[in-house]
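[1] Model the following, please.
(2 chains)
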Amino acid sequence: MASVTLKQIGKSYGVVTAVEQFDLDIADGEFLVLLGPSGCGKSTTLRMIAGLESITTGDLMIGGTRVNDTDPKNRGVAMVFQNYALYPHKSVFDNMAMALKLQKMPKAEIARRVNDVADMLGLTAYLERKPAALSGGQRQRVAIGRAIVRTPEVFLFDEPLSNLDAQLRVKMRMELQELHERLGVTSIYVTHDQVEAMTLADRIVILDRGRVAQIGTPREVYEQPATRFVASFIGSPAMNFMPAERAGDGWQVTGTDLVLPGFGQLATEADALTLGLRPEHIEVLPADAAVNDPWAFDATVKLAELLGADALLNLSVKGQPLLARVGGTDFPQAGETVRIRVDPARLHAFDPETELTVARAAQH
Amino acid sequence: MQKRPRYGLYAIVSLSVLISFFPIVWLILTSFKNTAGIYAWPPQYWPDPFTLDNYISIFTNSPELLRYILNSFIVGAGCTAITLMLGGLAAYALSRLRLRFAGMLMVGILAVSMFPPVSLLPSLFQNFLNLGLLNTYTGLILAHAGLFLPFSVWMLASYFATLPVEIEEAARMDGMGFVRIFLTIVLPLSWPGFVATGLIVFIFSWNEFPLSLVLMTQNAMRTAPVGISLYPGEYAFPWETISTATVLAIIPVLIITAIFQKQIVGGLTAGAGK
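    Residues are numbered from 1 along each chain as shown, chains lettered A, B, ... in the order given. Sure thing, here's the model as predicted:
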């Protein structure tokens, strides 16, 4: 097992920058997720760590050794690919044994290790089969098994679950979690699925167009997003955003009659902000409630959608559309008038120019 | 939408099958006619009398036909082997090694293959004469291989492009070098591509005329199409002999195609990925 350190790692193809230089320390045994939309550079970063992609700038250290120019096989990493990448003409056993065979390990030892891992993953009955005779979930297990038998220092996962159907994805996600707890191997996991990132990660690195937007624990990136991009990417349904202008002590939401009271000391002198409010942080009350609360407002329900446990309300608050998430029982229907209450501590503020979060002092 | 029988489509397909098969069917029927039947007017479709005399006489009167077919076979096999070997290596390098100028090289290879073979003949003949390669299998095999190598590179490169690159990357992570990946992963998976390319190159070589005519001047070294075309005598045109010989020359190619056809259709990468 080993720590992984990225020092000013960057990748460019000629004049095109794929990944802007950044630093990252991944602790021994940590589960780190690289999260972002397609084309954000997360896979390129993983492939640089794997050795499948050359590193343009910076140093990559695995277990304290610089491995920029080390062959993939000698980096102590094993990778699980999105489309499994099994050898279709070889049996499950041979697929898993390949790396060990190439290391010229004794046959008996190879058989012992492959059988152990097959047992752990429930693949023992399929060892003689070809990949074509397996289901998608079984193939993914073989791909994971192939990585485990090598007892690598670091596991690399490149969107390993995105080819599976929704139910299987949840199941495999839990299996991966168990596996990581059992083996404790440093893992770097690429995904565009925020649920996978939130559930699996010790820490998440969120990438946006080749640039690191934020590095933090799942809780941090959810509660204290560093940029508007992070705020919109994490959380489902996405955060409500409202452009606002300074109006005395408070903020007027642009183009509406909605005026919010001032909320704490903002580290900006600017007269414009983008305000962010998560749908789950809007409290929906009866129409006659919280009359004297400055943070409560009248709202009309435009559309109510039942999701099951939850419901989504499309609200209009003095001309400002807002999406709110409420419990799935007894929620107001379209056309009804309600009161909503906003917790100013849950309100996010972003600079409209830089899209960075505007820091603010503690609440009064 | 798909329920309605597509009569128009069937009509077009039937028509094109009829047109493309007519000469071959006509050839085969002719080989079973006697001289009177061939020149009969109105034309005779079904041979009357149906005779095997042409087949018997070709083996007694023109035993060199078997030699022609053997020559064609040796040249075709040699040319196919060289083209697949060199073409496979070149195509893999060009499609996977991220070589600088790979795209320009591919276009260059294509451009070279656009020269009409006849334009190569004078210099080829002179050089082969100097090197003592005229009337040798080696000579014609090299000439054909040179002629069909560009096709093979393009065909194999486009086949390699269909293989998921992740399999090769997984092999690299497992610790294989490029040569081992090519031999133990890429070759087994591209078997259908190699079979298809090899088959087409073999047929090209089998049918190639101008180079075979000029570079093989001794009767015993002639390939089937050249040998058969030189049958016509001074005064008569022996249609029955030509059609019979042509039918016999088609048979080996038909057999080879039948053997390998399944390989072409079936892909081998099933199960690698999703």
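[2] and the residue of the stretch 1-150 of chain B found nearest chain A, how many residues sit next to it?
    Nearest residue of the stretch 1-150 of chain B to chain A, counting by C-beta to the nearest C-beta: B:Arg98, 9.9 Å away. For glycine as for every other residue, the C-beta is placed from the backbone atoms N, C-alpha and C. B:Arg98 has 9 neighbouring residues, counting by other C-beta atoms under 10 Å in any protein chain shown.
[3] Check A:Glu30 too.
    Neighbours around A:Glu30, by other C-beta under 10 Å: 18.
[4] can you tell me how far the closest residue to it other than its chain neighbours sits from chain B?
    Of all residues not flanking A:Glu30 in the chain, A:Asp202 sits nearest, at 4.9 Å (C-beta to C-beta, 6 or more residues apart in numbering or on different chains). For A:Asp202, the distance to chain B equals 24 Å [C-beta to the nearest C-beta, to the nearest Å].
[5] need the contact list for A:Asp202.
    A:Glu30, A:Phe31, A:Leu32, A:Thr217 (C-beta atoms under 8 Å, 6 or more residues apart in numbering or on different chains).
[6] The second one: neighbour count?
    Going back to what we said before, that points to A:Phe31. 23.
[7] tell me which strands and helices the lengthiest helix in chain A is in contact with?
    Counting by DSSP state H, the longest helix found in chain A is helix A:166-183. With contacts taken as 3 or more C-beta pairs under 8 Å, 6 or more residues apart in numbering or on different chains; DSSP states H and E, helix A:166-183 sits against helix A:136-148, helix A:194-200.
[8] what does that helix rub up against?
    Helix A:166-183 is contacted by residues A:31, A:136-137, A:140, A:144, A:148, A:157, A:160-162, A:164, A:187, A:196, A:199-200 when judged by C-beta under 8 Å, 6+ apart.
[9] low pLDDT regions in the chain?
    Defaulting to chain A. Low-confidence regions of chain A, defined by pLDDT under 70, span residues A:1, A:361-364.
[10] um, chain B though
    By pLDDT under 70, the weakly predicted segments of chain B are B:1-3, B:232-235, B:263-274.
[11] quick one, strands of the stretch 251-364 of chain A?
    Secondary structure of the stretch 251-364 of chain A (DSSP state E, counting those that start in this stretch): strands located at A:259-260, A:272-277, A:282-285, A:296-306, A:310-317, A:320-327, A:337-342, A:348-350.
[12] want to throw those into TSV with distance to chain B and mean neighbour count?
    Listed next are those as TSV, based on distance: least, C-beta to the nearest C-beta, whole Å; neighbours: other C-beta atoms under 10 Å in any protein chain shown:
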stretch	distance to chain B	mean neighbour count
strand A:259-260	49	18
strand A:272-277	37	20
strand A:282-285	40	19
strand A:296-306	32	16
strand A:310-317	32	19
strand A:320-327	34	18
strand A:337-342	45	18
strand A:348-350	38	22
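[13] ok so, going back, state the pair within the contacts of helix A:166-183 that is farthest apart.
    A:Phe31 and A:Gly136 (23.3 Å; C-beta to C-beta).
[14] Neighbours of the closest residue to chain B within chain A, how many?
    Proximity to chain B, evaluated over chain A using C-beta to the nearest C-beta, is greatest for A:Ala132 at 2.8 Å. Look at A:Ala132: counted by other C-beta under 10 Å, it has 14 neighbours.
[15] got it, and B:Glu64?
    B:Glu64: 16 neighbours (other C-beta under 10 Å).
[16] just to revisit the earlier point, from the helices and strands packed on helix A:166-183, which stretch is densest packed?
    helix A:136-148 (a mean of 24; mean count of other C-beta atoms under 10 Å in any protein chain shown).
[17] which is the next helix or strand following it?
    strand A:154-158 (DSSP states H and E).
[18] and the most centrally placed residue in chain B, how far is that from chain A?
    The residue lying closest to the centre of chain B (C-alpha atoms, centre = their mean) is B:Ile203, at 1.4 Å. Remark: distance between B:Ile203 and chain A (C-beta to the nearest C-beta) = 28 Å.
[19] Which residue is the nearest non-sequential neighbour of that residue?
    Nearest to B:Ile203 is B:Val253, by C-beta to C-beta, 6+ apart, at 5.9 Å.
[20] rewinding a little: the residue of chain A closest to chain B and A:His89 touch, don't they?
    No - using C-beta atoms under 8 Å, A:Ala132 makes no contact with A:His89, being 9.5 Å away.
[21] Now for residue 151, how many residues are close by?
    Answering for chain A, as no chain was given. Neighbours of A:Thr151 under the rule other C-beta under 10 Å: 14.
[22] I was thinking of chain B, sorry if that wasn't clear
    Neighbours of B:Phe151 (other C-beta under 10 Å): 18.
[23] which SS state does it fall under?
    helix (DSSP: H, G, I helix; E, B strand; the rest coil).
[24] Any residue of the longest helix seen in chain B touching chain A?
    Counting by DSSP H, the longest helix found in chain B is helix B:64-96. No - shown here: helix B:64-96 not in contact with chain A (C-beta under 8 Å from any C-beta of the partner chain), separated by at least 12.5 Å.
[25] which of the residues in that helix are buried?
    B:64-65, B:67-69, B:71-73, B:75-80, B:82-84, B:87-88, B:90-96 (16 or more other C-beta atoms under 10 Å in any protein chain shown).
[26] After that helix, which helix or strand is next?
    Using DSSP H and E, the helix or strand that directly follows helix B:64-96 along the chain is helix B:102-112.
[27] got the angle between that following helix and helix B:64-96?
    Angle of helix B:102-112 versus helix B:64-96, following axes from the mean of the first three to the mean of the last three C-alpha atoms, to 10 degrees, is 160 degrees.
[28] So which bits of helix B:102-112 are buried?
    Buried, per 16+ other C-beta under 10 Å, within helix B:102-112: B:Met106, B:Ile109.
[29] What is the helix or strand following it packed up against?
    Downstream of helix B:102-112, the next assigned helix or strand under DSSP H and E is helix B:117-131. Judged by 3+ C-beta pairs under 8 Å, 6+ apart, the packing partners of helix B:117-131 are helix B:137-162, helix B:210-215.
[30] show me what contacts the residue nearest to B:Ile203?
    B:Phe202, B:Ile203, B:Trp206.
[31] so the host helix or strand of it versus helix B:64-96, what angle?
    Assigned by DSSP H and E, B:Val253 falls within helix B:239-265. Helix B:239-265 and helix B:64-96 are oriented at 30 degrees to each other (the same axes, to 10 degrees).
[32] Now do helix B:239-265: distance to the chain's middle.
    11 Å (C-alpha atoms, centre = their mean, to the nearest Å).
[33] Kindly report the same for stretch A:242-250.
    Centre-to-centre, stretch A:242-250 and its host chain are 32 Å apart (C-alpha atoms, centre = their mean).
[34] What are the buried residues along that stretch?
    Using 16+ other C-beta under 10 Å as the test for burial, stretch A:242-250 gives A:Met242, A:Pro243, A:Ala244, A:Arg246.
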